[in-house]
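Q: return a 3D structure for these sequence lines:
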Amino acid sequence: MVLPFRVDLHFQNLHRGNPTETLIRFLKARDGNISKAHNMLVDCLNWRIENEIDKTLSKPIVPAEFYRSVRDSQLIGMSGYTKDGRPVIAIGVGLSTYDKASMHHYVQSHIQINEYRDHVVLPSATKQFERHISTCVKVLDMTGLKLSHLNQIKLLTAISNIDDLNYPEKTDTYYIVNAPYVFSACWKVVKPLLHERTRKRVQVLSGCGKDDLLKIMDYESLPHFCTRQGSGSSRYSRNSTGDDCCFSFDHPFHQQLYNYINQQAVGIEPQPLSN
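A: Residues are numbered from 1 along each chain as shown. As a prediction, the model looks like this:
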């Protein structure tokens, strides 16, 4: 593929040394249709250029207190790795309120986590597990889910579309845990809005999902809401310490991410990710 110089630089930042793998991801996302995959990749590169995605990891959400409020209301974190080295991304769907910041800041936060995953976490996992790792798994906690969460459908759809169109084939499986009775009603509304490839990767597990998830990860990598049968998730300030709850701003993952972005912003070479 021959690209204009400016676009080629953005493509290099996208594939980060793995151009063939990146092209295959986009090809898979369009079921092997070369023309559609090409258009999807071009659209992605234009999106990255127009939104300055290559600079997003040097644009902190400030001040720190405001960023903490974003983390308190958009519950997402990383709890560990699967046995084969894939990062485990935990998302507190049911207890996220998205009421402390604008839609722009929540989208910015989500993109920063995606970019940090691709630029830092996955390369670190590749080195740690001595095998190429380019995907993650996500565990979605539905504790606290209510029909009123559908009021956030615009934001959630925007985030889902960003992942589907610009980070294709980066998540192997979406595990749903702690699903209350209202989940079925919410799923009927959300399901048609998701791309078919995403829908096929959703697995609803029984209860907190601990028994099923222990087949692919060790206990230490389970998200905190999967280790308490029957109790579900909790905001980090309730029954979990900062180190225990991967949603907490005080969790090592978020501290490393926060420090990385601030170091990038002032031109300091970030320290390697600790495992």
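
Q: so where do the helices sit in the stretch 51-200 of the chain?
A: Assigned by DSSP state H, counting those that start in this stretch, the helices in the stretch 51-200 of the chain fall at 64-73, 103-116, 122-129, 153-166, 183-190, 196-199.

Q: pick out the shakiest of those, pLDDT-wise.
A: Mean pLDDT is lowest for helix 196-199 out of the helices of the stretch 51-200 of the chain, coming in at a mean of 90.

Q: may I have it as CSV, with CA atoms only?
A: Output in CSV follows, covering the C-alpha atoms of helix 196-199 (Å, rounded to 0.1, in the frame of the first residue of the first chain):
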residue,chain,number,x,y,z
GLU,A,196,-22.1,-8.1,14.1
ARG,A,197,-18.5,-9.1,14.7
THR,A,198,-18.7,-7.4,18.2
ARG,A,199,-22.0,-9.1,19.0
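
Q: which elements pack onto it?
A: Helix 196-199 sits against helix 153-166, with contacts defined as 3 or more Cβ pairs under 8 Å, 6 or more residues apart in numbering; DSSP states H and E. C-betas here are computed from N, CA, C, even on glycine.

Q: from Phe247, how far out is Arg86?
A: 20 Å (Cβ to Cβ, to the nearest Å).

Q: higher neighbour count, those two?
A: With neighbours defined as other Cβ atoms under 10 Å, Arg86 and Phe247 compare such that Phe247 has more, 30 against 21.

Q: for Lys200, see how far away the spatially closest residue to that one that is not a sequence neighbour is.
A: Leaving aside its chain neighbours, Phe247 sits nearest to Leu75 (4.3 Å; criterion: Cβ to Cβ, 6 or more residues apart in numbering). Computed with Cβ to Cβ, the distance linking Leu75 and Lys200 is 25 Å.

Q: which one's more surrounded, the two?
A: Neighbours per residue, other Cβ under 10 Å: of Leu75 and Lys200, the larger number sits with Leu75, 25 against 11.

Q: how much space between the more buried one and Tyr106?
A: From Leu75 across to Tyr106, the span is 11 Å (Cβ to Cβ).

Q: need the contact list for the most centrally placed residue in the chain.
A: The residue lying closest to the centre of the chain (Cα atoms, centre = their mean) is Asn114, at 5.4 Å. Residues near Asn114 by Cβ atoms under 8 Å, 6 or more residues apart in numbering: 162-163, 167, 170.

Q: check Gly94 too.
A: Contact analysis of Gly94 by Cβ under 8 Å, 6+ apart lists 141-146, 149, 178, 180, 233.

Q: least trustworthy helix or strand in the chain by mean pLDDT?
A: Every helix and strand in the chain was compared by mean pLDDT, DSSP states H and E; the lowest is helix 236-239, with a mean of 41.

Q: so, low pLDDT: which residues of the stretch 151-275 of the chain?
A: Scanning the stretch 151-275 of the chain for pLDDT under 70 picks out the ranges 229-243, 270-275.

Q: go again with 80.
A: Across the stretch 151-275 of the chain, the ranges flagged by pLDDT under 80 are 228-244, 268-275.

Q: thinking again about what came up before, out of the contacts of Gly94, which are buried?
A: For these, a burial check counting by 16 or more other Cβ atoms under 10 Å picks out 141-145, 149, 178, 233.

Q: list the ones among these that fall in strands.
A: Asp141 (DSSP state E).

Q: show me which of the contacts of Asn114 is closest to Ser184.
A: Using Cβ to Cβ, Asp163 is the member of the contacts of Asn114 that lies nearest Ser184, at 23.3 Å.

Q: that closest one contacts Lys170, correct?
A: Yes: the pair Asp163 / Lys170 is scored as a contact, 7.3 Å apart, by Cβ atoms under 8 Å.

Q: how far away from the center of its chain is the helix or strand Ala37 falls within?
A: Ala37 is part of helix 34-50 when elements are defined by DSSP states H and E. Centroid displacement of helix 34-50 relative to its chain, using Cα atoms, centre = their mean, to the nearest Å, is 21 Å.

Q: what's the angle from it to helix 153-166?
A: Using axes from the mean of the first three to the mean of the last three Cα atoms, to 10 degrees, the direction of helix 34-50 lies 120 degrees away from that of helix 153-166.

Q: what packs against helix 34-50?
A: By 3+ Cβ pairs under 8 Å, 6+ apart, helix 34-50 packs against helix 5-15, helix 19-29, helix 153-166.
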